[in-house]
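[1] Could you look at this predicted model? Sequence included:
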Amino acid sequence: QVQLVESGGGLVQAGGSLRLSCEASGFISKRNVMGWYRQASGKQRELVATITSGGSTNYADSVKGRFTISRDNAKNTVLLQMNSLKPEDTAVYYCKWSEVLGTSFYWGQGTQVTVSS
């Protein structure tokens with residue numbers, strides 16, 4: 001079992017920045033992928049960015065050049081630095097932890113990000 005605790009959401013004006021944090025605890029296998037997904041009202045959940053325990057990253061085209069994902073393996077924490085925020089970035093952001101060798105995955109409770117125009 002893995003528990004994920006997210007923090008850092010809030011309200012920001014367009015062009016501003018926010019940083020999301022997600023800390024994982026519990027039985028954590030060393031080879032894993034942590035990432036951020038988001039779900040806007042009335043839309044499906046979509047990938048924002050992921051990072052493997054080895055440091056490989058993947059970004060949605062819509063956030064490339066604006067968002068940066070990073071992690072601290074010693075603290076089992078993943079960060080999402082969001083710059084140049086746009087109103088269309090408004091959504092609930094969810095942290096996800098997945099095993100690389102296996103089928104287990106877990107979601108955080110979500111944190112609201114609202115970008116005003």
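    Structure's in. What do you need? What you see is a predicted model, and the numbers here were worked out from it, not measured in a lab.
[2] Does the residue sitting nearest the centre point of the chain lie in a helix or a strand, and which?
    Among the residues of the chain, the one closest to the centroid is residue 36, at 2.3 Å (C-alpha atoms, centre = their mean). Per DSSP states H and E, residue 36 falls inside strand 32-39.
[3] thinking again about what came up before, name the SS class of the closest residue to the residue nearest to the centre of the chain other than its chain neighbours, please.
    Nearest residue to residue 36, sequence neighbours excluded (C-beta to C-beta, 6 or more residues apart in numbering): residue 48, at 4.3 Å. Every residue, glycine included, has its C-beta placed from N, CA and C. Secondary structure for residue 48, judged by DSSP: H, G, I helix; E, B strand; the rest coil, is strand.
[4] list the contacts for residue 48?
    35, 36, 37, 38, 59, 60, 63, 67, 80, 93 (C-beta atoms under 8 Å, 6 or more residues apart in numbering).
[5] what's the closest non-adjacent residue to residue 117?
    Distances taken as C-beta to C-beta, 6+ apart place residue 87 nearest to residue 117, at 4.7 Å, with adjacent residues excluded.
[6] what's around that neighbour, how many residues?
    When counting by other C-beta atoms under 10 Å, one arrives at 11 neighbours for residue 87.
[7] what phi and what psi does the backbone show at it?
    In terms of degrees, to the nearest 10, the main-chain angles of residue 87 are phi -60, psi -30.
[8] ok, back up a step: elements contacting the strand holding residue 36?
    Strand 32-39 is packed against strand 18-26, strand 46-52, strand 67-72, strand 77-82, strand 91-99, with contacts defined by 3 or more C-beta pairs under 8 Å, 6 or more residues apart in numbering; DSSP states H and E.
[9] out of those strands, nearest to residue 3?
    Proximity to residue 3 (C-beta to C-beta) singles out strand 18-26 among the helices and strands packed on strand 32-39, at 5.0 Å.
[10] in that closest one, what's buried?
    18, 20, 21, 22, 23, 24 (16 or more other C-beta atoms under 10 Å).
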